[in-house]
Every structure is written in C-alpha cells, then in structure tokens.
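Colleague: Sharing a model prediction with you, sequence too.
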Amino acid sequence: MIEFYHVNMVYPNGVVALKNITFTIERSEFVFMVGASGAGKSTLIRLLGREFLPTAGRIRVFGRDLTKMRRREVPLYRRSIGVVFQDFRLLNNRTVYENVAFAMRVLGAPSREIRKRVPEALAMVGLEKKAKRKPPELSGGEQQRVCLARAIVNQPSLIIADEPTGNLDPETSMEIVELLEAINIRGTTVIMATHDKQIVDAKKKRVIALENGQVVRDEQRGAYSSDF
Amino acid sequence: MIFRNFVYYIKEAFGSIFRNGWMSLASVSVVTVTLLMLGSFILLNENVEFLATEIKNQVEIIARVEETLTPPEVERLRAQVIQLEKVAEVRFVSKEEALQNLKAQLGDVVAGYEEEGRNPLRDSFEIRTIVPEDIPAVAAELAALPGIAEVDYGADVVPKLFSVTNVLKWIGMAFMIGLAVTAVFLIANTIKLTVTARAKEIMIMKWVGATEWFIRWPFVFEGLLLGAAGALIPALILQRLYAEAFTWTRINLYFLPLVEPEAILGELTKLLLLLGASIGTLGSIFSIRRFLKV
Ligand SMILES: Nc1ncnc2c1ncn2[C@@H]1O[C@H](COP(=O)(O)OP(=O)(O)O)[C@@H](O)[C@H]1O
Ligand SMILES: [Mg+2]
C-alpha cells in the first residue's frame, strides 16, 4: 500500500536528509520509524504527506505515484491521511468539539454527518466529556487525544504521526500509543516516527530504523535498537 | 459553489472580522480614508470639468456687421449665418444695445458718447456653436462672409481652456490610480496580518485536505466585506457633505455652477462600493497567495 523506491531527499540548502530509501508497508500495518534526532524521520513523514517531492526515486501510496500527482489532486490525497503532530496544532480559541469538527467542515461535510461523527471520534479517544473545553484548559495528553480525534474523524486509511509523544510524559505517551494501536486494530495503517525507546521496545511492532538518512534496519516485532 | 460551503465562508469571514476586531477596524479605516480622498477628488474633478464646460459654453463668437448694411441686408446675413452647419444659435445685438451693455460694464467712460449722441459701435451677431470646440472653424467661416466686418471670439482663451482641463484630467487620473494602488497594498498588508494570525488554521486546513479555493474563499469574502464597509462610510459622508456644499454654494456663491447632487452621487456611491470591494478582494488574494503554497 505504501512503497518507497530508491528515494533521495536533498533540501534546497544542500542537506542530504534521505539516501536511497526503499521499503514497503502493507495495509493495516503498524510501523515505528525510529532513529536519532536528525536521522530523517520527519522528512520521511513529510514526504508521505506530499508536503514536498523527493529529489529522486518514487513514492507510491494507495497505488498513486506521489511524484506524478497533480497539484490540485493533493487535497484529495490528503483526505485519505490523518496527521498527528508533536505540537498538537490545535486551534486554541475553539472548543475541543469545534477543533475536531473543523476538519470535517473544511471538507464541506454536511452538518448531519458532523454531528454524528465528531462525538464518535471524541468517544474513541475518551474525550466526550470535555467536548466544550478549549485546548489550553487541557493537559498535554488530552490535547494530543484531540489531535488524534481530528486525525481519525474523516476516516482515513493511513495515520502518520511525527513524534506524537515527544512532548508527553512516559505514562501519557503509552496511553497515546495504545490509542493509535486501537485505531490500527480497526484497520487503519499507522506510521509513527519516534525516538522513544521505552515505547518501541514495549510494543514489539515492525521497526524501520534510520541513521543519517539511510534505512539501517527493518524488522517485524522489533526493538528500538538491535543490541540486546 | 455548494450553498452549505457558501454559508461556511460567510460565517468564517464574519467570525474572523470580529475575532480580529482591531485589525478589521484598521483595514476599514484604510479603505475609508483612501476612498474619502478619492471620492473628494472625483467630486472636485467632476465640478472643475463641469465648470470648464460651462465656461466654454459661454464662449461665443461676436461677428460685427459692416455699417453700410441696411436692415433687410442684416436680416439676410443673419439667415445665412444660422444656415451654417455647426451654429446653434444666433442673436442679433443692435449697436444701441451694445452701447447700453458697455455702459453697464464701464459706466461713466461711455457716458460722453451718449451725450454727444454718437455711437462708435457696430451692430453684431452673438453666435453660439453646437460644441465649443467648433468655435475657431465657425469664426473663420464667418469672417469669409461678405458683410461681416470683423469676428471676435477670445481666440487665446478657448484653446488654453481646453489644454488646462485636459492637464487637470490627467493629473487627476494619475493621482487616483496612485491612491488606488496604495489602498490595495495597505489592505493586502492588513489582511496579511489576519492571514498570519490564522496561519495555523490554514496549515491545518491544508493537512486535512481542504482545497485551495475552500481556504481562499473566507479570506476573499473577508476582504470584500472589509472593502465594502470601508467604501460605505466615505460614500455616506460624501453624499451628505456634497449635498450641503451644493446648497450652500447655490445660496452664497450663486455665480458658481456646481453639478447637481442627483446627477453625481448615485454614480459616485456605486463607484466607491465597487472600488472598495475590488480593493479588499484584490488585497486578500495577494496576501493569501504565499500561504497556500505547500
Ligand atoms: N526544511 C529543511 N531544510 C533544510 N534542511 C532540513 C530541513 N528539515 C530538516 N533538515 C535537515 O535534514 C536532516 C533530517 O532532518 P529530519 O528529517 O527533521 O530528522 P528527524 O525528524 O529524524 O530529527 C537534518 O540534518 C536536518 O537538519
Ligand atoms: Mg523530527
């Protein structure tokens, strides 16, 4: 379903962020992208979101070649992806409910649909009771749950999360990853970039490890590092 | 555009206008000031032009008749003049009438002639042309007619007047274009601030997969509404002020002709609203372009 084929990414300033990346991810997989800071995890996630194009190579998602996609097709492609950010990126002057509904409204969803699916998404992340709160009144973990609800409300086939637990304490981090697992069990593919060893080691999922922009390890039921 | 989306755009636009209250006020003020200046200038320009036309229309040709002509010959000459294609109106002024007019203007200087029973003046025709621009040509034709002694039409005044009004029109035009461009830039900058304030929303919209036009429309409406609001204020102010000025002038400066308010204010209001809306829309499209790239 996701295929990187000899992908290189060189930023305009000359930094080589990814070198000759090749891998395939199947439908409904849960994959950790691990690696030290600067390894190229974010670049890979952003390529998947079609924020920019690779310098060389091919990226296919859902059978579509991202490098050949037309500009006006990008919004449609993004509707099939849910994005979770490290810094949540919530609208602080709107309620939790409105933050999630926003993702549907901007796709022109009918309000009947919105009224049905927003509470479902909030229930999924356990925030139905805080729908009327605004993000600044919530804890970091709760804010990330809102971000998760927003990512799933349009029922994407793929969730990409760039260090979603980077700003959270270990316990809360584990809860967020468990939510991602729950979403994954319902059939959504999840790709999560992280350098949280504890989580990766605990979950025993597929691990793709990056080092200096290269894939150095790709194993099922892997750990954060190979040396144990 | 789906109606549901349209409602969303308008809601968002109004929401944003009120959320960014001070910024909106600044935008409206910029448009208001610009269009107030622009509107005043248009009114001034229209009136100068109107005045110039009035003056031009008052320019007439005076054709003096040879003393030797008998009254029937004068009458035939008059008939000949009125036949000329570009002539609108011919009025016969007898030399007695001319002397009275002169006396009214100059007073005692002329009184001597009257006492002596002498009249050094000639009978004449006052001729108006259909358009003032034809005056020199008609004057030449008249001079060629037998029986006409001399033709006079303020030869220098007419071409000068035309060039003065033309120059004024060009200066005015340049000034107005300059103002309009300034207003677009100012609006673009103000909306850029609201766009920057909403950069996060725009980014989320893009990540969720909103189309570019969906992201753009609320800002376009916002600009349009701000621009139109900014135009409405000067339109109302100018309507009121001009009506007052017109009445005041009619009473106190009755010799100064101004354009009737009814003849100009409707058009002016429409023009200002159109300009305001365009300035606002253009400004918002400029300022959002940068944010749409990804
Ligand atoms: N926008 C950018 N322009 C230039 N270089 C960048 C940019 N983003 C990241 N980089 C560089 O690319 C490399 C990979 O960065 P990144 O993908 O952010 O790694 P990670 O997310 O694993 O920390 C780093 O050397 C980083 O400095
Ligand atoms: Mg990163």
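Modeller: Looks like it came in fine. Ligands and ions are numbered 1, 2, ... in the order given.
Colleague: what are the ranges of the strands in the chain?
Modeller: If you meant another chain, say so; for now it's chain A. With DSSP state E applied, chain A shows strands at A:2-10, A:16-25, A:30-34, A:56-61, A:64-65, A:81-84, A:158-162, A:189-194, A:206-211, A:214-219, listed in chain order.
Colleague: wrong one, I was asking about chain B
Modeller: Taking DSSP E as the criterion, chain B carries its strands at B:61-65, B:87-93, B:124-129, B:148-152.
Colleague: which residues of chain B fall in helices?
Modeller: Ranges of helices in chain B, per DSSP state H, are B:3-19, B:21-58, B:71-83, B:95-106, B:108-116, B:135-144, B:157-197, B:199-208, B:212-252, B:261-292.
Colleague: Now render the strands of chain A as CSV, adding distance to ligand 1.
Modeller: Where C-beta positions appear, they are placed from N, C-alpha and C, glycine not excepted. Formatted as CSV, the strands of chain A follow (distance: least, Cβ to the nearest ligand atom, whole Å):
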stretch, distance to ligand 1
strand A:2-10, 8
strand A:16-25, 4
strand A:30-34, 8
strand A:56-61, 15
strand A:64-65, 22
strand A:81-84, 14
strand A:158-162, 7
strand A:189-194, 6
strand A:206-211, 7
strand A:214-219, 12
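Colleague: How about the residues of the stretch 151-294 of chain B by chain A?
Modeller: By Cβ under 8 Å from any Cβ of the partner chain, the residues of the stretch 151-294 of chain B that approach chain A are B:200-201, B:203-212, B:214-215, B:294.
Colleague: Pull the most distant pair out of those residues.
Modeller: When Cβ to Cβ is used, the two most widely separated members of those are B:200 and B:211, lying 18.6 Å apart.
Colleague: out of those two, which sits in the more crowded spot?
Modeller: Shown here are residue B:200 and residue B:211; by other Cβ atoms under 10 Å in any protein chain shown, residue B:211 has more neighbours (18 against 13).
Colleague: Which phi and psi values does the more buried one adopt?
Modeller: As for residue B:211, its main-chain torsions (degrees, to the nearest 10) stand at phi -80, psi 160.
Colleague: Without its sequence neighbours, what residue ends up closest to it?
Modeller: residue A:75 (4.7 Å; Cβ to Cβ, 6 or more residues apart in numbering or on different chains).
Colleague: Against residue B:212, how distant is the one you found?
Modeller: 7 Å (Cβ to Cβ, to the nearest Å).
Colleague: more neighbours, these two?
Modeller: Neighbours were tallied for residue A:75 and for residue B:212 using other Cβ under 10 Å; the higher tally belongs to residue A:75 (22 against 18).
Colleague: which residues sit in contact with the spatially most central residue of chain B?
Modeller: Within chain B, one residue has its C-alpha closest to the average C-alpha position: by Cα atoms, centre = their mean, that is residue B:46, at 2.2 Å. Going by Cβ atoms under 8 Å, 6 or more residues apart in numbering or on different chains, residue B:46 touches B:259, B:264.
Colleague: Model confidence score at it, please.
Modeller: Among the per-residue scores, residue B:46 holds a pLDDT of 83.
Colleague: From residue B:177, how far out is it?
Modeller: From residue B:46 across to residue B:177, the span is 17 Å (Cβ to Cβ).
Colleague: Spell out which residues of chain A are next to chain B.
Modeller: Taking Cβ under 8 Å from any Cβ as the contact definition, chain A meets chain B at A:49, A:51, A:72, A:75-81, A:83, A:89, A:91, A:93, A:102-103, A:105-108, A:110-111, A:150, A:154.
Colleague: quick one on the thing from earlier: reformat the strands of chain B as TSV; add mean pLDDT.
Modeller: Supplementary listing: the strands of chain B in TSV, determined by pLDDT from 0 to 100:
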stretch	mean pLDDT
strand B:61-65	87
strand B:87-93	88
strand B:124-129	87
strand B:148-152	86
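Colleague: Identify whichever of the helices of chain B lies nearest to ligand 1.
Modeller: Using Cβ to the nearest ligand atom as the criterion, the shortest distance between ligand 1 and those is 14.8 Å, found for helix B:199-208.
Colleague: got the angle for the closest one vs strand A:158-162?
Modeller: Taking axes from the mean of the first three to the mean of the last three Cα atoms, to 10 degrees, one finds that helix B:199-208 is oriented at 140 degrees with respect to strand A:158-162.
Colleague: What residues does the stretch 1-150 of chain B have near chain A?
Modeller: When proximity is defined by Cβ under 8 Å from any Cβ, the stretch 1-150 of chain B lies next to chain A at B:2, B:4, B:5, B:8, B:19.
Colleague: Any of those buried? List them.
Modeller: With neighbours counted by 16 or more other Cβ atoms under 10 Å in any protein chain shown, the residues of the stretch 1-150 of chain B next to chain A contain buried members at B:5, B:8.
Colleague: Run a quick neighbour tally on residue B:85.
Modeller: The number of residues packed around residue B:85, counting by other Cβ under 10 Å, is 10.
Colleague: Now the phi/psi pair for it, please.
Modeller: Dihedral angles of residue B:85 (phi, psi; degrees, to the nearest 10) stand at phi -60, psi -40.
Colleague: mind listing what it touches?
Modeller: Contacts for residue B:85 (Cβ under 8 Å, 6+ apart) come out as none.
Colleague: And it, how far from residue B:74?
Modeller: Taking Cβ to Cβ as the measure, residue B:85 and residue B:74 are separated by 22 Å.
Colleague: elements contacting the longest helix seen in chain A?
Modeller: Ranked by residue count, the top helix of chain A under DSSP H comes out as helix A:170-185. The helices and strands touching helix A:170-185, judged by 3 or more Cβ pairs under 8 Å, 6 or more residues apart in numbering or on different chains; DSSP states H and E, are strand A:30-34, helix A:111-124, helix A:140-152, strand A:158-162, strand A:189-194, helix A:197-203.
Colleague: and if we set it to 7 Å?
Modeller: Other helices and strands packing on helix A:170-185, by 3 or more Cβ pairs under 7 Å, 6 or more residues apart in numbering or on different chains; DSSP states H and E, are helix A:140-152, strand A:158-162, strand A:189-194, helix A:197-203.
Colleague: Touching the second one from outside, list them.
Modeller: Going back to what we said before, that points to strand A:158-162. Counting by Cβ atoms under 7 Å, 6 or more residues apart in numbering or on different chains, the neighbours of strand A:158-162 from elsewhere in the structure are A:42, A:45, A:48-49, A:80-86, A:151, A:180, A:183, A:188-193.
Colleague: how does it look with 6 Å?
Modeller: By Cβ atoms under 6 Å, 6 or more residues apart in numbering or on different chains, the list of residues contacting strand A:158-162 from outside reads A:42, A:45, A:48, A:81-84, A:86, A:151, A:188-193.
Colleague: Need the max-distance pair from the residues you listed.
Modeller: Of all pairs drawn from the contacts of strand A:158-162, the one with the longest distance (Cβ to Cβ) is A:42 and A:188, at 21.0 Å.
Colleague: Counting neighbours, go ahead and name the busier of the two.
Modeller: Applying other Cβ under 10 Å to residue A:42 and residue A:188 shows that residue A:188 carries more neighbours, namely 20 against 17.
Colleague: and the more buried one, what does it touch?
Modeller: Residues touching residue A:188, when contacts are defined by Cβ under 6 Å, 6+ apart, comprise residue A:159.
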